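In: whatever this is, show me its structure:
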Amino acid sequence: MFTIMWMIQPQKRQLVRKLLDACLGRVVELKHDLVNIDLMEFSYNDEVVERLRLTPMETELRIPRYFLRERQQELEFRKKTMQEILVKLGWLEEHEMEETVTTEIEAIRMLQMHERARQGRLRAHFMKEIRILKEKGKSEERSEKERSDSGLLAAMKIQKMWRGHTARRITRRRKMEEMILIGMLPPPPAVVKERAEKLEKLQHNEKRYEAQALYGKQFEERQRALQEEIRAKHGASMKEDIADEIRAWVKDCYEKTGKLPDFPSEDQGGSLHIFSRPGTESEHSRSSARSSKESRKTKDKSKSPARSGDLNVNENQEEEVSFQPAPSVCLPDIRAEIDLFNDTWRDKDETGVLSQAAYEDMIYSDKYQEVELEFRRAVDDVMRQEIELLQTAVGKKVKKSSKKTRRSGKKSKKKKEKDLTPDRTTESLYEELVTNGIIRKYPELKIKQFLGDKALTARNGTNPSPGDIRQILTEYCILPLGSDAIHNCTPLIRSILLAGPRGSGKKALLHAICTEVGAVLFDLTPANIVGKYPGKSGLIMLIHLVLKVSRLLQPAVIYMGDAERPFMKKIPKTDRTDPKRLKKDLPKLIKNIAPEDRVIFVGTSNLPWEADQKLLQSVYNRFIYIPRPDYGAMSHAWKTLLHDYSGGISNLDTSAMAKISDGYTIGAIDACLKEVMTCKRKLQLRTQPLTNAELINVLCSRDPVYREEEEAFESWWSKTPLGRRRQRFLELEEERLLEEQAQAAKQGNGNKKKGLN
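Out: Model (predicted):
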């Protein structure tokens, strides 16, 4: 990932980018296979990690920077547009610095005011000195000896206190430096900020990025110029050569068989299909070897069984049947890019080549093949018509169109979606949704800000660590949304439900997903759409607008908070949000997310068991449970948050606080620190250190996650499609173990009887 960030040469960057996308896609493919094998959303491959001599933290996927950097101008324009709309609506205040022009009279008055104030201060100081002298004269005269003795004692006392203070300060500083050196304490915020700025400056080398953009622009311009040059110079001769080659093949077939051959259709590859057969290669077909490989590769992809990210589809499969992973879509791409590297770059002599510009001979070769393929398709159409005319002339009737019409008839059964806003521009639709609060502005959070490390030991499916949750959301949401290439080669996941107690970080994860890929956030929470787009026609228009704009502004995230409410059996009478309004339309909305759309539906819920599970599972493909943090995650959260709030001044025992706060969520800890660490309290930290009692008093006013709530979440997860499959698998494993024990006991009894006889 660092290679593509630092590389400037455009052709190498193109190769490394394709290889990186294919490798990340392969990782996501393997993740889906492991879910079907382990029957858990979270995979723990400790033996493999140990064999590779890695730590679990090193196996966490890193999100490529080019997801955002390549769309930087688009994201800045979109952010500016939203800011302007919100300011126009009056939801944000626009602070502009108004330049005030000072007149001569105002300047004179200002000078007079300051001069009078200066004279007043001098007069007050003079009067103060007179008053002090009068007070000294009134005081009783002390003897010279008493004055000298008291002055000496005072000086000694001051020296003693100052030396003790400086010694303690030096000792404390040395202790802090030692603890920071061995990693027991985090460095001060100023040092952290300085290091972060240096690292940011090192990683975001603007000159290097400008060079990458410059060479990339030159590369694209040279590609277009060479393509036009090849068309102009070699177009006519290329067409003639391809036509002569096809005519020679037709003549050869007619002489050998006495019949005119059938010309392959465009779907079959046209004339490339003819000359890719063994024994029919010619010079032109060899020059198009790469094109024929690509066509065969696309055919193989289309023939391979489709992977599905929806576990509801695979739920009814028998567990006894061994799992057979679907053929990989990414592996052929990885092999093709490695072969291209070996053929082109491995033995290329670049000694003395200081320029990072593109190699023109490579551009010429690639564009020659593209132009040849383009002309070959045009010649194929002409030759196909000629062969049909010849077949008609010799009396052969062509009767193959009926099959094609039948196939096309099946495809036409799919109902095309009607566009309800054909005359509206994208900008006007975007402004309408922002005005109605459907498209929302979200805080920018990184996925790494979800505090906690990956699990160091294997766990079951209901108690993942924060690092495991970060990893799975990276694999399921961020990578497919961030890259079109990764999205096209990985199993499709249309919707995800994040379930967990209040304060577990569901919304923070949603905002992190949007931030990492620069997505547009659509909010369909029942409380947010109440009173908007009323009636059945209004609801149809709302769904249409959300789907249309999300496709136009990909990647996009459609969000629903309180995801259980549309499917609740009984709605409280006090609820005026009409949550069941979207009940029938949500499954249709999810199904209308096409495989090529980089759009995902994310729901969050605190009470998922209150919904009708059948309806809930018809909407969401994957269910991720975020439990309360364990001791390790809680201790890490206390250290990190306390350091951020106190600026590294506090030496509070976070281990004790992690034990005391067992049962609370990280959101509750953050809210507790926010309430205690006011501006006034931060200023008092040097003289009045923070105590555990202050935090405990505030923490006690909040409700923890009780055991009954945890059991309700675990019971709910066991009723999800993956939970049911895992439960059946564990029951079968238990039965198998009991049978083995019974057989072993029977054999042991038989051996005892033989020994007695």
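In: center of the chain, which residue is that?
Out: Closest to where the C-alpha atoms of the chain average out (Cα atoms, centre = their mean) is Ile478, at 2.4 Å.
In: quick one: strands adjacent to the longest strand anywhere in the chain?
Out: Longest strand of the chain, by residue count under DSSP state E: strand 599-605. For strand 599-605, sheet partners with direction are given as strand 495-499 (parallel), strand 556-560 (parallel), following DSSP bridges.
In: kindly reformat those strands as JSON lines containing distance to Ile363, mean pLDDT and mean neighbour count.
Out: Where C-beta positions appear, they are placed from N, C-alpha and C, glycine not excepted. Supplementary listing: those in JSON lines, determined by distance: least, Cβ to Cβ, whole Å; pLDDT from 0 to 100; neighbours: other Cβ atoms under 10 Å:
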{"stretch": "strand 495-499", "distance to Ile363": "42", "mean pLDDT": "92", "mean neighbour count": "24"}
{"stretch": "strand 556-560", "distance to Ile363": "35", "mean pLDDT": "92", "mean neighbour count": "25"}
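In: do you know which of those strands lies nearest Met383?
Out: Ranking the strands paired with strand 599-605 by proximity to Met383 (Cβ to Cβ) places strand 556-560 first, at 44.9 Å.
In: just give me how far the longest strand of the chain sits from the chain centre.
Out: With Cα atoms, centre = their mean, to the nearest Å as the basis, the distance from the averaged C-alpha position of strand 599-605 to the chain average is 14 Å.
In: sorry, back to before: now the strands paired with strand 599-605 in TSV, with distance to Leu111?
Out: Shown next, in TSV, are the strands paired with strand 599-605 (distance: least, Cβ to Cβ, whole Å):
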stretch	distance to Leu111
strand 495-499	64
strand 556-560	59
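In: any chance you could list what contacts the longest strand of the chain?
Out: With contacts defined as Cβ atoms under 8 Å, 6 or more residues apart in numbering, strand 599-605 is touched by 477, 480-481, 493-499, 506-507, 510, 513, 550-551, 554-564, 589-590, 593, 611, 619-620.
In: spit out the contact partners of Gln212.
Out: 7-8, 10, 13.
In: again, only this time at 7 Å
Out: Under the criterion of Cβ atoms under 7 Å, 6 or more residues apart in numbering, the contact list for Gln212 reads Ile8.
In: mind checking which helix or strand it is in?
Out: With secondary structure defined by DSSP states H and E, Gln212 is part of helix 206-257.
In: one more: Leu20?
Out: The secondary structure element spanning Leu20 is helix 10-38 (assigned by DSSP H and E).
In: how about that helix: buried residues?
Out: Buried positions in helix 10-38, judged by neighbour count with 16 or more other Cβ atoms under 10 Å: 10-22, 24-36, 38.
In: which one of the strands paired with strand 599-605 lies closest to Arg131?
Out: Arg131 lies closest, by Cβ to Cβ, to one member of these: strand 556-560, at 70.1 Å.
In: quick one: that closest one to chain centroid distance?
Out: For strand 556-560, the distance from its own C-alpha centre to the chain's C-alpha centre is 13 Å (Cα atoms, centre = their mean).
In: please export the C-alpha coordinates of that strand as CSV.
Out: Backbone C-alpha positions of strand 556-560 (Å, rounded to 0.1, in the frame of the first residue of the first chain) are rendered in CSV as follows:
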residue,chain,number,x,y,z
ALA,A,556,-23.6,5.9,-0.6
VAL,A,557,-24.8,4.7,2.8
ILE,A,558,-28.6,4.5,3.5
TYR,A,559,-29.1,4.6,7.3
MET,A,560,-32.0,3.6,9.6
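In: quick revisit: and the following helix or strand past the helix holding Leu20, average pLDDT?
Out: Reading on from helix 10-38 to the C-terminus, the next helix or strand found by DSSP H and E is helix 46-51. With pLDDT averaged residue by residue, helix 46-51 scores 85.
In: again with stretch 66-73
Out: Confidence over stretch 66-73, taken as the mean pLDDT, stands at 86.
In: for stretch 723-739, same thing?
Out: If you average the per-residue pLDDT over stretch 723-739, you get 87.
In: mind exporting it as CSV, just the C-alpha atoms?
Out: As requested, C-alpha coordinates have been extracted for stretch 723-739 and formatted as CSV (Å, rounded to 0.1, in the frame of the first residue of the first chain):
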residue,chain,number,x,y,z
GLY,A,723,-26.8,-18.3,14.6
ARG,A,724,-29.3,-21.0,13.7
ARG,A,725,-26.9,-22.7,11.3
ARG,A,726,-24.1,-22.6,14.0
GLN,A,727,-26.5,-24.0,16.6
ARG,A,728,-27.4,-27.0,14.3
PHE,A,729,-23.7,-27.5,13.6
LEU,A,730,-22.9,-27.6,17.4
GLU,A,731,-25.7,-30.0,18.0
LEU,A,732,-24.5,-32.4,15.3
GLU,A,733,-20.9,-32.2,16.7
GLU,A,734,-22.2,-33.0,20.1
GLU,A,735,-24.1,-36.0,18.8
ARG,A,736,-21.1,-37.2,16.9
LEU,A,737,-18.9,-37.0,20.1
LEU,A,738,-21.5,-38.9,22.1
GLU,A,739,-21.6,-41.6,19.5
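In: list the buried residues for that stretch?
Out: By neighbour count, and taking 16+ other Cβ under 10 Å as the criterion, the buried residues in stretch 723-739 are 723, 725-726.
In: okay, now the unreliable bits of the stretch 351-500 of the chain?
Out: 352, 395-417 (pLDDT under 70).
In: same question for the stretch 551-700 of the chain.
Out: Low-confidence regions of the stretch 551-700 of the chain, defined here as pLDDT under 70, cover residues 648-649.
In: quick one: the helices in it?
Out: 585-591, 613-619, 631-646, 654-660, 666-676, 679-683, 692-699 (DSSP state H, counting those that start in this stretch).
In: show residues contacting the first one.
Out: Taking Cβ under 7 Å, 6+ apart as the criterion, the residues outside helix 585-591 that touch it are 494-495, 539, 543, 547, 566, 601, 618-619.
In: quickly list the domain ranges of this structure.
Out: The domain map for the chain lists 2-69+423-625, 206-316+329-346+357-397, 631-709, 720-756, with the assignment taken from automatic domain parsing.
In: how long is the third one end to end?
Out: Spelled out, it's domain 631-709. With Cα to Cα, to the nearest Å as the measure, the first residue of domain 631-709 is 19 Å from its last.
In: please apply the same query to stretch 672-680.
Out: Distance across stretch 672-680, first residue to last, is 16 Å (Cα to Cα).
In: now stretch 432-450
Out: One end of stretch 432-450 sits 33 Å from the other (Cα to Cα).
In: flag every buried residue along it.
Out: When burial is assessed from 16+ other Cβ under 10 Å, stretch 432-450 yields the following buried residues: 432-434, 438-440, 442, 445, 447, 450.
In: those residues in helices, which ones?
Out: Using DSSP state H, the members of the buried residues of stretch 432-450 that fall in helices are 432-434.
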